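> predicted model and sequence follow; I will ask about them next.
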Amino acid sequence: MGFPGTWMTESESLVYRVVPKCACSTIGQIMFHSDHGRYYDGDIHDSREGLHKWAQDDSQPLIESAVRDRRGVTFTCVRNPYARILSSFFDKIAGIQRNGKRYRGNLVPQLAQRYGVEVGSPEDDFDFDQIRSFRRFLLFARDTIRWRRPMEPDIHWSAMSGHISTFIVNGGRYDQIFFTEKFNEGMQRVLDAAETPHRIDVSQVPRFNESEGHGPKRAHKVSEYFDDLSRHLIWEIYKKDFQLFRYDFDDPDNKLPKGEVDLDEVHAKLGR
């Protein structure tokens, strides 16, 4: 099984378990810069050199060895589940991707047909009922996660605890888990604990949001997207994420965690 979704600097100073929709573009660029003293020219997800990735065959033995021997600082980053699923909808479902096409080809037409999801288009300035369409998308996301129908769950909306657990189950251990909502302080703490070839002040790093500007802007505050049924579905999908990472289920507009992550608890509960 190994360590899917894991990136590592070539210097082996940083080992990162990617969690989609949790600042992964910015984290990848910071890792690249910490080795090379410059940012990758393009989307870091497209890089094939300068950063070890589990998806690259020649990187696998190096990542495996570093994780087993506990070399480097091993970390990941989490995000409020309400904001994360909304971001997935606006980026992957309502937005146009970097290649100018819809995400996963026929996924959006399938959602329109089966679930009545509307997303507008650049031609009509993405004019659609965001709340109604998001709630229908949420039913679809729940169906993929609960019953794996009409497709397998997508990495962008499957639970963070699922991504994070594969690393633990296969023998890894996290040194730090920090919050997207407190990004600068969390990422700086990771860098300060590592011996990187180049030092970085996180407050000076640009944000590499690769999905920015390719779709509609969110028109309402977070809580307006979640009625009683939506919140029931969110709890069904992300119960572990709320509990382990201390996010506030009762107030969707409170994006901040209610406490720090207990690493021992995460390893105990996700390592089974």
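Yep, that arrived. Numbers count the residues shown, from 1 in each chain.

> need the strands for this structure, in chain order.
6-9, 14-17, 51-53, 73-78, 176-179 (DSSP state E).

> just so I know, which of those strands lies nearest Gly100?
Gly100 lies closest to strand 51-53 among the strands of the chain, at 24.8 Å (C-beta to C-beta). In this view, the C-beta of every residue, glycine as well, is placed from N, C-alpha and C.

> give me the helices and strands touching that closest one, please.
strand 6-9, helix 24-36 (3 or more C-beta pairs under 8 Å, 6 or more residues apart in numbering; DSSP states H and E).

> if we use 10 Å, what do you get?
Using 3 or more C-beta pairs under 10 Å, 6 or more residues apart in numbering; DSSP states H and E, the elements in contact with strand 51-53 are strand 6-9, strand 14-17, helix 24-36, helix 60-68.

> low-scoring stretches of the protein, by residue?
210-213 (pLDDT under 70).

> 50 instead?
Counting by pLDDT under 50, the chain contains no low-confidence segment.

> contact partners for the closest residue to Ala55 other than its chain neighbours?
Excluding its sequence neighbours, the residue lying closest to Ala55 (C-beta to C-beta, 6 or more residues apart in numbering) is Pro4, at 7.8 Å. Contacts for Pro4 (C-beta atoms under 10 Å, 6 or more residues apart in numbering) come out as Arg17, Val18, Lys53, Trp54, Ala55, Gln60, Ile155, His163, Thr166, Phe167, Asn170.

> would you agree His45 is in contact with Val18?
Yes - between His45 and Val18 there is a contact under C-beta atoms under 10 Å: 9.0 Å.

> would you map the helices across the stretch 51-200 of the chain?
60-68, 81-88, 107-115, 130-147, 160-169, 183-193 (DSSP state H, counting those that start in this stretch).
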